[in-house]
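Enquirer: With the sequence up front, the predicted model follows.
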Amino acid sequence: MRERVAVIGAGSWGTALAIVLAKKGYEVTLWARRQEVVREIETTRINSHYLPEIVIPESIKITADLEETLMQCVAVVLSVPSHAVRETVRRVRPFVTKETVLVNTAKGLEIETLMRLSEVLKQELPVELHNNIAVLSGPSHAEEVSRDLPTAVVAASHRRQVAEYVQDLFMAPNLRVYTNPDVTGVELGGALKNVIALATGISDGLGFGDNTRAALMTRGLAEIARLGTAMGAQSLTFAGLAGIGDLIVTCTSLYSRNRRAGIQLGQGKPLDQVLAGMGMVVEGVRTTKAAYHLAQKYGVEMPITEQTYQVLFEGLNPREAVSKLMLRTRTHEVEEIVVNRQDW
Ligand SMILES: NC(=O)C1=CN([C@@H]2O[C@H](COP(=O)(O)OP(=O)(O)OC[C@H]3O[C@@H](n4cnc5c(N)ncnc54)[C@H](OP(=O)(O)O)[C@@H]3O)[C@@H](O)[C@H]2O)C=CC1
Ligand SMILES: O=C(CO)COP(=O)(O)O
């Protein structure tokens, strides 16, 4: 008998991951919250709003009934936006067993609590399920994964067995999955890169160049790692797929919702209009707020995040924000190198 996997969230990412799993032979049920999405996919096999170019295999069952989706499944893949993770886990909880593996694929932070999403899962799930929680992250646009273009991602869990289970679950000829025990680093890399994608988008929208984008990405990674290590992550994780890998794809791809939103902001469009026109989740906006407060909580300097926050929520002119970054007090590139060189 084929193993059943539930994918919760029929947006771009949930749909793409359901396709990956169905092609691997799992019995996949995809949960959509709206009946009209169910009807469309059932009749046309297309998810026209979120992934219009892709034909969804007949073998994927689509439903808006959560109990039916979760019945006897070995794994639950959560692909709803970060702000919906807590309420979704609450709804999922009654239908999972203590053997079920739960994989969060959303990239963000809970804005009200500043929690990482695996922490939200832990808070909402009984303790016997805590070791079954995993995170999937890395540079992986749904539009490319669903077209079977070679992609590498990372599965993180505190328990090696669970990380390897998730590795095997998703590993496919064109989807290579690595494991990492550093859940904190993998989650923070995936969440915080969206802030930098907004910043680089803004820079592109202002008409600045490749030099500016490269500077923002590099210094952006430095501040991600600074906050990440203060929060207990391993710095090397930020040199991996969930760090620099995802940062590269998000800050350079036109598939990136965060980058596209940033471009429009840089061109002078107000945030509410940008978000209304996007029609898909732009995680970086909420994450900027959370990261701004986390930087204060941990006493960490995050100048790009701070300026992005000012542009998004305090009405700062984007050009002025860039100027403020350029005119900051001079500093060393890597403080740790200088500290260890008393002769210098
Ligand atoms: N797209 C991508 O390439 C990737 C996305 N991710 C991450 O995956 C997560 C989902 O992103 P993505 O699929 O792109 O988002 P989309 O905007 O494409 O889709 C969002 C989906 O979530 C549903 N949804 C929205 N609000 C709620 C809610 N309150 N409760 C339940 N369902 C809800 C939407 O349903 P409805 O249509 O009814 O509004 C829709 O099905 C994000 O955190 C994103 O960062 C990670 C890797 C790649
Ligand atoms: O995280 C993602 C791809 O790895 C998707 O987010 P963006 O669409 O902003 O790039």
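Expert: All right, it came through fine. Ligands and ions are numbered 1, 2, ... in the order given.
Enquirer: number of nearby residues for the residue in the stretch 1-150 of the chain that ligand 1 sits nearest to?
Expert: Nearest to ligand 1, among the residues of the stretch 1-150 of the chain, is residue 11, at 1.8 Å (CB to the nearest ligand atom). C-beta here means a position set from N, CA and C on the backbone, and glycine is covered the same way. Using other CB atoms under 10 Å, residue 11 has 21 other residues around it.
Enquirer: Would you agree it is in contact with residue 80?
Expert: Yes. In this structure, residue 11 is within contact of residue 80 by CB atoms under 8 Å, at 7.5 Å.
Enquirer: so who does residue 117 touch?
Expert: 82, 85, 104, 106, 108-110, 135, 187 (CB atoms under 8 Å, 6 or more residues apart in numbering).
Enquirer: helices or strands up against the helix or strand residue 272 falls within?
Expert: Residue 272 belongs to helix 271-278 when assigned by DSSP states H and E. Helix 271-278 is packed against helix 257-266, with contacts defined by 3 or more CB pairs under 8 Å, 6 or more residues apart in numbering; DSSP states H and E.
Enquirer: Return the alpha-carbon coordinates of the helix it packs on using PDB.
Expert: C-alpha atoms of helix 257-266 as PDB (Å, rounded to 0.1, in the frame of the first residue of the first chain):
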ATOM      1  CA  ARG A 257       7.700  37.800  -4.400                       C
ATOM      2  CA  ASN A 258       9.800  39.700  -1.900                       C
ATOM      3  CA  ARG A 259      12.200  41.000  -4.500                       C
ATOM      4  CA  ARG A 260       9.300  42.100  -6.800                       C
ATOM      5  CA  ALA A 261       7.600  43.800  -3.900                       C
ATOM      6  CA  GLY A 262      10.800  45.600  -3.100                       C
ATOM      7  CA  ILE A 263      11.300  46.700  -6.700                       C
ATOM      8  CA  GLN A 264       7.800  48.300  -6.700                       C
ATOM      9  CA  LEU A 265       8.500  50.000  -3.400                       C
ATOM     10  CA  GLY A 266      11.800  51.400  -4.800                       C
END
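Enquirer: ok and that helix relative to helix 271-278, angle-wise?
Expert: Here helix 257-266 runs at an angle of 130 degrees relative to helix 271-278 (axes from the mean of the first three to the mean of the last three CA atoms, to 10 degrees).
Enquirer: Can you list the helices and strands that helix 257-266 packs against?
Expert: Against helix 257-266 (3+ CB pairs under 8 Å, 6+ apart) you get helix 183-205, helix 246-252, helix 271-278, helix 283-298.
Enquirer: Can I get these in JSON lines including distance to residue 116?
Expert: Supplementary listing: these in JSON lines, determined by distance: least, CB to CB, whole Å:
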{"stretch": "helix 183-205", "distance to residue 116": "5"}
{"stretch": "helix 246-252", "distance to residue 116": "15"}
{"stretch": "helix 271-278", "distance to residue 116": "23"}
{"stretch": "helix 283-298", "distance to residue 116": "10"}
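Enquirer: and among these, the most buried is which?
Expert: helix 183-205 (a mean of 29; mean count of other CB atoms under 10 Å).
Enquirer: is ligand 1 contacted by that helix?
Expert: No. Helix 183-205 lies out of reach of ligand 1 by CB under 6 Å from any ligand atom, never closer than 6.9 Å.
Enquirer: looking only at pLDDT, what's the mean for that helix?
Expert: In this model, helix 183-205 has a mean pLDDT of 98.
Enquirer: ok, then the element right after that helix?
Expert: helix 210-230.
Enquirer: what residues does that following helix touch?
Expert: With CB under 8 Å, 6+ apart as the criterion, helix 210-230 contacts 184-185, 188-189, 192-193, 195-196, 199-200, 203-204, 233, 235, 237-238, 243-244, 247-248, 251-252, 291, 294-295, 298-305, 322, 334.
Enquirer: Show me what counts as buried in it.
Expert: 212-213, 215-217, 219-229 (16 or more other CB atoms under 10 Å).
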